[in-house]
Each structure stands twice: as structure tokens, then as C-alpha cells.
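Asker: Next one to model:
(one chain, ligands or ions: 1)
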Amino acid sequence: MARDARTGPARDIRRLPKAHLHLHFTGSMRPSTLLELADKHGVHLPEALTSGEPPKLRATDERGWFRFQRLYDAARSCLRTPDDIHRLVREAAQEDAADGSGWLEIQVDPTSYAPRLGGLIPTLEIILDAVRIASRDTGVGMAVVVAANRMKHPLDARTLARLAVRYADQGVVGFGLSNDERRGLARDFDRAFAIARDGGLLAAPHGGELAGPASVRDCLDDLHAQRVGHGVRAAEDPHLVRRLAETGVTCEVCPASNVALGVYDKPEDVPLRHLYDAGVPMALGADDPLLFGSRLAAQYELARDVHGFTDQELAELARQSVRASRAPQDVRDRMLADIDVWAR
Ligand SMILES: [Zn+2]
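Answerer: Next comes the predicted model:
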């Protein structure tokens with residue numbers, strides 16, 4: 001058993017209550033479920049998704065990112081019916097529950113599922129229904145972040161933002177922006193984010209993953225991000241690090257994803273320790289476990305095993321995730337109290 005030199009035998013990380021704020025919809029799928037759904041719908045999957053091993057990926061160039069997106073699209077094409085959606089959400093909640101998550105914000109662009117599910121509105125309603133049922137059955141509090149795709153037209157993002165706001169009191173808590181940060185400008189999506197923020201949603205665009213610190217600054221300046229998806233590459237700019245720490249903007253850091261996509265060569269290169277010591281709040285996330293092969297608790301294990309986080313520091317990371325969440329106050333209070341119990 002791993003030991004923490006200062007506090008004795010290491011506590012079980014799966015029992016540490018945490019909030020999971022960076023998990024994509026299709027990317028949350030169990031590999032075994034993907035195979036079953038592909039079989040059910042007669043979808044021929046690329047071999048990289050059927051080998052039983054996480055695919056070899058590299059997203060540091062456009063070809064690599066395109067390949068990642070193609071695999072993601074292939075997996076997404078297996079989600080065709082409301083039953084498939086309910087199964088995906090139920091299993092994501094079950095996996096999160098097993099990893100100690102008490103609150104899960106799952107991120108989805110309903111556009112990609114809409115053609116098979118009767119349009120944007122029915123799709124979002126099916127997802128929100130699935131979230132309510134999965135949350136009730138697993139005890140994991142859940143909410144949805146509607147994410148626009150930055151490869152598409154900014155007008156599409158505005159449409160999505162309006163849709164997201166309509167469901168703000170029915171389980172949608174945030175608005176995101178995903179896909180290749182190297183394409184287009186964050187500023188192109190400022191109107192969509194204004195709609196989302198005015199409607200009471202949290203602004204949580206991706207930045208600082210495939211592109212450097214400037215992309216994080218754009219998220220802050222142009223989209224008024226309250227959380228940043230990834231954001232790790234802010235570490236390359238001391239001024240930006242200080243700004244994130246001072247304003248308390250949380251970075252949704254996904255270490256296993258960063259290594260799988262080649263953002264960093266090795267787990268020890270992910271600047272977890274640097275950001276933590278500088279006071280940048282973080283919420284560790286799994287991003288796309290289907291493609292990267294590890295879930296939420298594994299990110300905290302990595303912080304412990306590779307970056308030497310003590311149990312007290314892991315507890316603080318968990319608190320940061322809860323504070324950055326959109327969980328209702330009573331859920332946050334309960335989780336923070338349970339984290340204290342874990343750390344005692
Ligand atoms: Zn992501």
C-alpha cells in the first residue's frame with residue numbers, strides 16, 4: 001500500500017468526495033458498452049476502438065487531432081436511441097459513484113445527436129431526463145454543460161446558448177466551447193457566451209490545452225470564462241498564473257488526457273504541482289475515459305503517485321473541485337464536510 005510519509009497509510013482515493021467537472025458525453029462511455037452498441041446498430045468501428053486497449057493518439061498536430069475526432073465521431077455514431085442515451089448517462093454516473101464523485105457535470109453538444117433523436121430540443125430533453133433518473137438511482141448529483149463546437153459557425157453557438165438558457169432551471173448549469181483551440185478565435189463566440197452568462201449559466205470554454213497561454217487569456221478576456229476547460233498551459237505564463245490565482249478561475253485539469261494526446265510527454269510533465277503551489281484552483285477531470293483509458297479517481301492517484309500530493313493536498317484539490325462546481329449549496333456543504341472527514 002502506498003504511504004504518505006507525513007500522515008501514515010494512504011487513504012483510499014476512491015472514498016475522497018469530489019466533483020467531476022470535465023467529462024464529455026460520448027467520451028464517458030465504457031469500452032464494453034461501445035462494442036455492444038456498435039453490434040446492436042451494425043456499426044463497423046475502426047480497429048483502434050475494438051482492440052481492448054486505449055488507442056494511440058497524438059493531437060499536437062492537426063492530423064493527430066483529426067484522427068482523435070474521427071474516433072470520437074465513430075463512437076458517437078453508436079448512440080442512436082433514447083435507450084442508448086439513458087444507458088450512457090446511467091453508466092457514467094455509476095462509474096463516477098465508484099470513483100467517489102458526489103457531483104458530475106457532463107458536457108454535451110446536442111447538435112451531434114439531434115439528427116437521430118428528433119432535433120435539438122428532444123435531444124436535450126432526453127439527455128436531461130436521463131440525467132435526472134441516473135442521479136436519482138446512483139446518488140451522484142448531476143448537471144449538464146451544453147458545449148458549442150468551435151469548428152462550426154458562431155451563429156450555431158448562439159442557437160445552442162439560447163437553448164441552454166431555456167433549460168437553465170432544468171439541469172443545464174453551464175456553457176462550453178470545445179474542439180480544436182487552434183481554429184478560429186474565441187472572440188467569434190463572445191455573443192453566444194454573453195447569452196449564456198446573461199441567462200445565468202457558467203462560462204466554461206476549453207483553452208490552454210492544444211494552444212498556449214494566449215488561448216486561456218482569450219477565454220478570460222473575450223468569453224469571461226469562470227472556469228477553463230484544461231487551462232494547464234497557462235503554466236507557461238507567470239502573469240497569467242497569477243491572474244488565475246487572484247481571480248479564482250478554476251482550471252479543469254485532465255492529466256491523463258494531456259499525456260494521451262501528447263500535450264505533455266510524461267505524467268510528470270503536467271504542471272499540476274506548479275499550478276497548485278501558485279494557488280490556481282483546479283478540478284481534476286477524466287475528459288474522455290473511453291479514449292484515454294482512465295477515469296476520475298485515477299487523476300487523483302496520478303497527483304499522489306507522480307506529483308507527490310499528500311492526502312491533505314488531495315483533500316484540498318477535491319475541495320477546489322466542489323467549490324468550482326454548480327452543485328446546489330446543500331450538496332456542496334455536505335461534500336465539503338465529507339472531505340474533512342476523509343482528511344481527518
Ligand atoms: Zn474536454
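Asker: When you work out contacts or count neighbours from here on, use the C-alpha atoms and nothing else.
Answerer: Noted.
Asker: what residue ranges in the chain score low on pLDDT?
Answerer: Low-confidence segments of the chain (pLDDT under 70): 1-9.
Asker: So for the lengthiest helix in the chain, what gets flagged as buried?
Answerer: If you go by DSSP state H, the chain has its longest helix at helix 120-138. For helix 120-138, burial by neighbour count (16 or more other Cα atoms under 10 Å) applies to 120-121, 123-124, 126-135, 138.
Asker: Give me the contacts around it.
Answerer: The contact list for helix 120-138, computed with Cα atoms under 8 Å, 6 or more residues apart in numbering, reads 82, 85-86, 89-90, 93-94, 97, 110-111, 113-114, 117, 140-144, 163, 170-172.
Asker: Which SSE is immediately downstream of it?
Answerer: strand 141-149 (DSSP states H and E).
Asker: okay, the angle between that next one and helix 120-138?
Answerer: 150 degrees (axes from the mean of the first three to the mean of the last three Cα atoms, to 10 degrees).
Asker: for the next helix-or-strand element following strand 141-149, packing partners?
Answerer: Remark: after strand 141-149, the chain's next helix or strand is helix 154-166, criterion DSSP H and E. Helix 154-166 sits against strand 141-149, strand 172-178, helix 190-198, with contacts defined as 3 or more Cα pairs under 8 Å, 6 or more residues apart in numbering; DSSP states H and E.
Asker: For G279, which of those is the nearest?
Answerer: strand 172-178 (23.7 Å; Cα to Cα).
Asker: partners of the closest one in the sheet?
Answerer: strand 141-149 (parallel), strand 202-207 (parallel) (DSSP bridges).
Asker: In a markdown table: the helices and strands packed on helix 154-166, plus mean neighbour count and distance to H274.
Answerer: Below are these laid out as a markdown table (neighbours: other Cα atoms under 10 Å; distance: least, Cα to Cα, whole Å):
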| stretch | mean neighbour count | distance to H274 |
| --- | --- | --- |
| strand 141-149 | 26 | 28 |
| strand 172-178 | 27 | 25 |
| helix 190-198 | 21 | 30 |
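Asker: Export those as a markdown table, with columns for distance to W103.
Answerer: Listed next are those as a markdown table, based on distance: least, Cα to Cα, whole Å:
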| stretch | distance to W103 |
| --- | --- |
| strand 141-149 | 4 |
| strand 172-178 | 12 |
| helix 190-198 | 22 |
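Asker: So for E209, which of those sits nearest?
Answerer: Smallest distance to E209 across the helices and strands packed on helix 154-166 (Cα to Cα): 10.7 Å, for strand 172-178.
Asker: Hey, what's the angle from that closest one to helix 154-166? Just curious.
Answerer: 160 degrees.
Asker: circling back to that earlier point, which among the strands paired with strand 172-178 is found nearest to D277?
Answerer: strand 202-207 (20.8 Å).
Asker: what angle do the following helix or strand past the closest one and strand 202-207 make?
Answerer: Downstream of strand 202-207, the first helix or strand assigned by DSSP H and E is helix 213-223. Angle, helix 213-223 to strand 202-207, by the same axes, to 10 degrees: 150 degrees.
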